[in-house]
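A.B. asks: starting from these lines, generate the structure:
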Amino acid sequence: YVVSPHGMLLPAAMQRSGLRKRCAIETFVRRNLEAAALVHASSDAERESVLAVAPAARTVIIPWGVDIPDATRRRQRSDCRRQAAYIGRIIPLKGVDDLLSAWADVRPPGWALRFIGSDPEAHASRLTSAIDSLGLLDTVSIQPAIDHAALLDLLQEIDLLILPSHSENFGLVAVEALAAGVAVITTTATPWQAVVHERCGWWVSDTGAGLAAAIREACGLPADELAAMGARGRSWVEYAFAWVTISSRFTSELYQPCG
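C.D. replies: As a prediction, this is how the structure comes out:
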């Protein structure tokens with residue numbers, strides 16, 4: 001059997017119900033991890049979190065893949081403002097409060113920000129109150145989670161994706177955005193330092209100040225320059241993260257002939 005923890009062993013995740021999780025690790029989790037044929041991690045940070053719990057586990061790092069859209073056609077919007085979006089769970093761990101604070105500091109002219117995602121901790125109401133108190137109701141909105149088909153449509157509308165997480169084992173939405181030709185701002189708490197090298201995004205500290213600096217720079221770029229960053233991101237993702245590439249890596253690691 002193979003185990004893929006999906007970030008559940010990262011330090012931030014382990015802090016939640018920490019006592020129960022430590023008991024589970026000592027009782028059966030470590031034994032199950034070390035007995036597995038393979039433990040799949042999607043990033044260096046996740047691999048380190050696995051080995052911290054189960055030092056004898058056989059681990060492999062393989063990123064998740066994405067489907068590459070046939071084309072990146074920009075959809076017409078009734079709102080002429082350029083749009084940035086956060087897509088994910090609306091919880092403090094994902095940095096949504098820092099993102100709002102950074103957006104309030106910059107208030108980029110001609111831009112709107114959308115928070116889109118599930119609300120498992122009832123945090124959206126507090127975020128809405130903060131949006132109101134900051135006088136941003138006309139430019140910042142919160143929307144419920146959408147299905148994957150709607151996500152793909154949304155990525156054809158927005159101009160910038162912001163992933164402000166304080167903890168992220170992979171952050172698939174960043175790759176999906178790049179595949180759609182959308183530049184990305186994300187944090188050093190995610191494994192996406194390569195967006196800087198590939199010139200398709202920003203990788204900054206997971207603080208209000210770090211995010212504000214990136215938002216100020218990104219939103220100050222002409223539309224064609226930001227689009228060019230997204231196009232470079234699409235080319236990179238098509239080469240490195242298309243399923244045709246990733247699936248072959250899974251196959252080579254998982255298929256081990258007996259004997």
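A.B. asks: across the sheet, point out what pairs with Leu160.
C.D. replies: Listed by DSSP bridges, the beta-bridge partners for Leu160 are Ala84, Ala183.
A.B. asks: now do it: how many residues are near it, please.
C.D. replies: Neighbour count of Leu160, defined by other C-beta atoms under 10 Å: 26. C-beta here means a position set from N, CA and C on the backbone, and glycine is covered the same way.
A.B. asks: also Asp70?
C.D. replies: 6.
A.B. asks: can you tell me the element it falls in?
C.D. replies: According to DSSP states H and E, Asp70 maps onto no helix or strand at all.
A.B. asks: distance of it from Arg234?
C.D. replies: Using C-beta to C-beta, to the nearest Å, Asp70 is found at 12 Å from Arg234.
A.B. asks: list the contacts of the most centrally placed residue in the chain.
C.D. replies: Nearest to the mean C-alpha position of the chain, by C-alpha atoms, centre = their mean, lies Gly171 at 2.8 Å. Going by C-beta atoms under 8 Å, 6 or more residues apart in numbering, Gly171 touches Leu163, Ser165, Thr186, Thr190, Pro191, Trp192.
A.B. asks: I'd say the fourth one and Leu172 touch.
C.D. replies: Meaning Thr190. No - if you go by C-beta atoms under 8 Å, Thr190 and Leu172 don't touch, sitting 10.8 Å apart.
A.B. asks: so which of the two has more stuff around it?
C.D. replies: Remark: of Thr190 and Leu172, Thr190 carries more neighbours, 24 against 17, as counted by other C-beta under 10 Å.
A.B. asks: list the contacts for the closest residue to that one other than its chain neighbours?
C.D. replies: In space, Thr190 comes closest to Glu168 once its chain neighbours are excluded; the distance is 4.1 Å by C-beta to C-beta, 6 or more residues apart in numbering. Contacts of Glu168 were listed using C-beta under 8 Å, 6+ apart, and they are Gly7, Thr186, Thr187, Ala189, Thr190, Pro191.
A.B. asks: how about a cut-off of 10 Å?
C.D. replies: Going by C-beta atoms under 10 Å, 6 or more residues apart in numbering, Glu168 touches 7, 10, 12, 42-43, 45-46, 88, 93-95, 174, 186-187, 189-192, 206.
A.B. asks: where does pLDDT dip in the stretch 101-250 of the chain?
C.D. replies: Counting by pLDDT under 70, the stretch 101-250 of the chain shows no low-confidence range.
A.B. asks: can you get me a residue count around Leu127?
C.D. replies: Leu127 has 20 nearby residues by other C-beta under 10 Å.
A.B. asks: if you could redo that for Arg22, that was the one I meant.
C.D. replies: By other C-beta under 10 Å, the residues close to Arg22 number 13.
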